[in-house]
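Novice: next one to model:
(3 chains)
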Amino acid sequence: VSAPVVTLLSDYGLDDPFVGVCHGVIVTICPAARVIDISHGVARQDVRMGAQMLAGSLPFMPVGVHVAVVDPEVGARRRAVALETGDGRRLVGPDNGLLMRAAERCGGIVEAVEIAGSPFRLEPVSATFHGRDIFAPVAAHLAAGAALADAGMPQDPRQLVVLDLPEPRREDGALVVQAVLVDRFGNVQLNAGHEALGGASLKLGQRVRLSCADCEREAIYARTFVDVPAGEALLYEDADRRLAVAVSQGNAAAELHLAAGDELRIAPA
Amino acid sequence: VSAPVVTLLSDYGLDDPFVGVCHGVIVTICPAARVIDISHGVARQDVRMGAQMLAGSLPFMPVGVHVAVVDPEVGARRRAVALETGDGRRLVGPDNGLLMRAAERCGGIVEAVEIAGSPFRLEPVSATFHGRDIFAPVAAHLAAGAALADAGMPQDPRQLVVLDLPEPRREDGALVVQAVLVDRFGNVQLNAGHEALGGASLKLGQRVRLSCADCEREAIYARTFVDVPAGEALLYEDADRRLAVAVSQGNAAAELHLAAGDELRIAPA
Amino acid sequence: VSAPVVTLLSDYGLDDPFVGVCHGVIVTICPAARVIDISHGVARQDVRMGAQMLAGSLPFMPVGVHVAVVDPEVGARRRAVALETGDGRRLVGPDNGLLMRAAERCGGIVEAVEIAGSPFRLEPVSATFHGRDIFAPVAAHLAAGAALADAGMPQDPRQLVVLDLPEPRREDGALVVQAVLVDRFGNVQLNAGHEALGGASLKLGQRVRLSCADCEREAIYARTFVDVPAGEALLYEDADRRLAVAVSQGNAAAELHLAAGDELRIAPA
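Specialist: Purely as a prediction, here's the structure:
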C-alpha cells in the first residue's frame, strides 16, 4: 500500500524555516507520510492567487490531505477548516475562500469540520503560525488515519467563505478579462478559457489587440511560444487550459506592465 | 519502524545544486533516510542567524540526525564535529558555534567527535564543499546506524566554540535588545522573551517607543497583527515565544530600517 | 530493496507550482518513487548551464531515472528522449544537448528512445508544459519498472543533438577560458581543469592576471578562499574539480563583471 500523501501550498516562501517546520511537525505525527510541496511562492497574503494555484495543481496530486495556508487573518476570529471532497481528498486551511475553488473541482464538499479548537492542535497555539500549530498537525493526523469528524466540530459547508472571483465579460465587442497568475517566465494567465473568445470567430494565426491601463499591444492568437517570432506577443491556451498572454522569448508581464488582478481587454485587431 | 530522519539547514540557497547534491549523497549511503530541509535561506556565512534558526526549529523535528552548514572557514583548520545531545539527537556541522544553541535546547552535549578526518568522508575531500564531502556522508552513516564513536575522534565538548550571543539589557528605564531574525514578511525577531519587558508593567494594548540607529516609532504591545490597525507597528510574542516587531499589513524591517544584528531600544511611550 | 529514485533538474524555479506538479505526477504513477530535486535554479532557457549542472551533479546521485527540463523549443518539433547510460542510469528530457554531457560522464548512451509520442504521456499533452505531460510520467513509469523500449520509438543515439561547448585555448602565453556557472556566492566556475594551466608552471601562492571584457585584476592561485586575505581574488580548483575564480569574503562575479558565457584570460602576473 502507498504512503499517505500530504501536500503543502503557502505564501511562506523558502527562505525562512516555516515550511521545514511544517514538514517536521507532519513527519513527527505521521512518520509514514509523503509530503509534497506544491508551491510556497504565493504572493504574500494573496488568497486569490493561492486559490487559483491550488485548484490548478490538485488534479495532478495523488488523493491525499492537502494543506493550504494563505492567511491574512491568522490570529483573528476567522474559522479554520478541514473538508472532505467528493473525490475523497481532505483539504485543510483557513476559511477565507482559499480552498473553495479546489474543492469545487474535486467533486464539491461532502463534509466539513471547524478545527480552530481541534484536539490535534499543538499546544500552546501561537497567534501567528497556525500552519505549524493547527493545519500541519490536523493534516498529519488525518493522513495517519483519523476520521474528519475527529478533527473538529461539524461545520455547515454552505456557511464557508466563498471567494469573489471576477468573471470575464463582453464590452463593445471586446472580451474583458483579468490577469490571474504571473509565472517566473512572465507569462500571464487570464480568468477565461478559450471558449470565452467566442468560438469560431478567432482562428490560430489571427491578430488581436490587447489593452490595459498601461499597455496597448498587438498579439497573435497562437498555439504556443515557438509558433510566433521572437519578441512578438501571443495569446494562447496554457497548460491549465486557460487563456494566457506571453511574449516569445520575452517577459509579457514586464513588457505589458501586467500584474495579477489587472484588467485586460482583448479585441480584434 | 519509522525511517531514520536527516534534517538539513544551510546558507546554500536553492538556486545552485548544492542542496540537491547533499540529498543525493545521503540517499546513496542511506537509502532508507527521510531528508527534511529546514531551510537553506540563512544569510551567507551568517553563523548567528543559522544558530538561531536551528535552535528554533529542532524542537519541531523528529529525533534524528541534524546537519547544519554555515561555514565561513571551510577549508581552514576549524574543526568539524558530530554531537549527541541529551534527548538523543545527533548534530553534525562545523565547530563554529552554529550547533551549540540547538544542542543546549536539546539536553546538552553528551558526546562529541571530531570528523574532519572521519572514515565516512567522501574522498577526495574538496576544500570548499564539506557539506557534500564530510557533513552529508557522516550524517547518512549515522542515520544508517553507525555509532557516533565510529564517525571520528573523541572530542571534549567543553573545547567546542561557543557563539557570543548578545543578551538584552536595561538602560535608563528602556530595554535594549537586538534584532535576530527577519522573516519574509519583514517581521523582526528580538533576542528577548516577553519576561524581559518587566513582568506586569506592560499590558496588552499599551504603547511603547521603539528607537534604533535609523528609526523612531511608536508601537502597540499586542497579541498579534490583526489586533492593531493596518499600518501600525506592534511589539508581540512570536511563534518562537520571542519578542518581535511587526507592522500590521506592512514590513517592519523595511519601515524601521532594521536588519539582523541591529540594536533596538524599547521604552514606555 | 531501495525505493526507485527520480531526480529533477530544471529552469522552472520554485515560485510557481511547476515543480510540485511534476512531483505529484510522478508519485501518482509510481507511489514508491523517491524524488530528489537537484536544482530548479537553472537560468531561464540556458541549456548549457543546465547541461553543466546535470553533469556535475549526477555522479553524486543514486543510480535512477534522471529528468532534466530546460527546453526553449517546447511545443516545436524538437525530439523528446529517454536514454540509458553505460552505468545503468536512465536520462529523460528534450533532445537539445541538455543530457549529453551527463550521459558521457555516465558511461555513454547504450540505448535511446524518442518519447514525444510515448504511450506514457498524460493526455491531452499541452504545448507548453512537457515536464508535466511527457517527461515526468515517462520517468515515473521507468522508475516503476517499465523497460526503456516501452517508453517510445527506437532512436539512433548518434543523431541526438550535441551541445557545442567551448574549449579552453592558449593564446600569446595566456589561457583563454569561459565562465560556465556562477553560484550564489558569486564564485565563477570555468570550462577548464587545473591541468589546463600547464602542469608544473603555476604553483600555489603565485599570482596570475585575469582579464575579461570589463575587468582586469590580479588573483592568487590558491587551494581555497581562506588561504588568501579577505577581498583578494583567487583562482582555485573547485568542488567539481574545475578551475574557478572567487573573491575571499566577496563576490567575484559582481566584482569582475563576469557572467556565464563570458570569456576570461588567465596570464602570469
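Novice: helices along chain A, start to end?
Specialist: A:18-29, A:47-57, A:100-105, A:130, A:136-143, A:252-255 (DSSP state H).
Novice: the second one to helix C:18-29, inter-axis angle?
Specialist: Yep, that's helix A:47-57 we're talking about. Calculated by axes from the mean of the first three to the mean of the last three Cα atoms, to 10 degrees, helix A:47-57 forms an angle of 30 degrees with helix C:18-29.
Novice: related to what we said a few turns ago, can you tell me which of the helices of chain A is most buried?
Specialist: Each of those was assessed for mean neighbour count using mean count of other Cβ atoms under 10 Å in any protein chain shown. The highest is helix A:136-143, with a mean of 28. All C-beta atoms are positioned from the backbone trio N, CA, C, and that covers glycine.
Novice: is chain C contacted by it?
Specialist: No. Helix A:136-143 lies out of reach of chain C by Cβ under 8 Å from any Cβ of the partner chain, never closer than 13.8 Å.
Novice: residues making contact with that helix?
Specialist: Residues from elsewhere that reach helix A:136-143 (Cβ atoms under 8 Å, 6 or more residues apart in numbering or on different chains): A:4-6, A:22, A:25-30, A:32-33, A:64-67, A:82, A:90, A:92, A:115, A:118, A:120-122, A:148, A:150-152.
Novice: could you redo the last one with a cut-off of 6 Å?
Specialist: A:4, A:6, A:22, A:25-26, A:29-30, A:33, A:65, A:67, A:82, A:90, A:92, A:115, A:118, A:120, A:122, A:151 (Cβ atoms under 6 Å, 6 or more residues apart in numbering or on different chains).
Novice: tell me the average confidence for that helix?
Specialist: For helix A:136-143, mean pLDDT is 98.
Novice: now that helix - C-alpha only, PDB.
Specialist: Extracted C-alpha coordinates of helix A:136-143, given in PDB (Å, rounded to 0.1, in the frame of the first residue of the first chain):
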ATOM      1  CA  ALA A 136       0.000  20.700   9.800                       C
ATOM      2  CA  PRO A 137      -0.900  18.600  12.800                       C
ATOM      3  CA  VAL A 138      -4.500  18.200  11.800                       C
ATOM      4  CA  ALA A 139      -3.400  17.200   8.300                       C
ATOM      5  CA  ALA A 140      -0.900  14.700   9.800                       C
ATOM      6  CA  HIS A 141      -3.500  13.100  12.000                       C
ATOM      7  CA  LEU A 142      -5.800  12.800   9.000                       C
ATOM      8  CA  ALA A 143      -3.000  11.200   7.000                       C
END
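Novice: hmm, stretch A:254-269 in reach of chain C?
Specialist: No. Using Cβ under 6 Å from any Cβ of the partner chain, stretch A:254-269 never reaches chain C; the gap is at least 12.4 Å.
Novice: need the residues of chain A near chain B, please.
Specialist: Residues of chain A lying near chain B (Cβ under 6 Å from any Cβ): A:13, A:15-17, A:20-21, A:23-25, A:27-28, A:31, A:73, A:75-76, A:126-129.
Novice: switch the cut-off to 7 Å
Specialist: Within chain A, the positions near chain B by Cβ under 7 Å from any Cβ of the partner chain are A:13-17, A:20-21, A:23-25, A:27-28, A:31, A:44, A:73, A:75-76, A:126-129, A:132.
Novice: so, low pLDDT: which residues of the stretch 151-269 of chain A?
Specialist: A:199-200 (pLDDT under 70).
Novice: again, only using 80
Specialist: Judged by pLDDT under 80, the stretch 151-269 of chain A has its weakly predicted residues at A:198-201.
Novice: residues near whichever residue of it sits closest to chain B, how many?
Specialist: Using Cβ to the nearest Cβ, the closest approach of the stretch 151-269 of chain A to chain B is made by residue A:184 at 12.2 Å. Residue A:184: 16 surrounding residues under other Cβ atoms under 10 Å in any protein chain shown.
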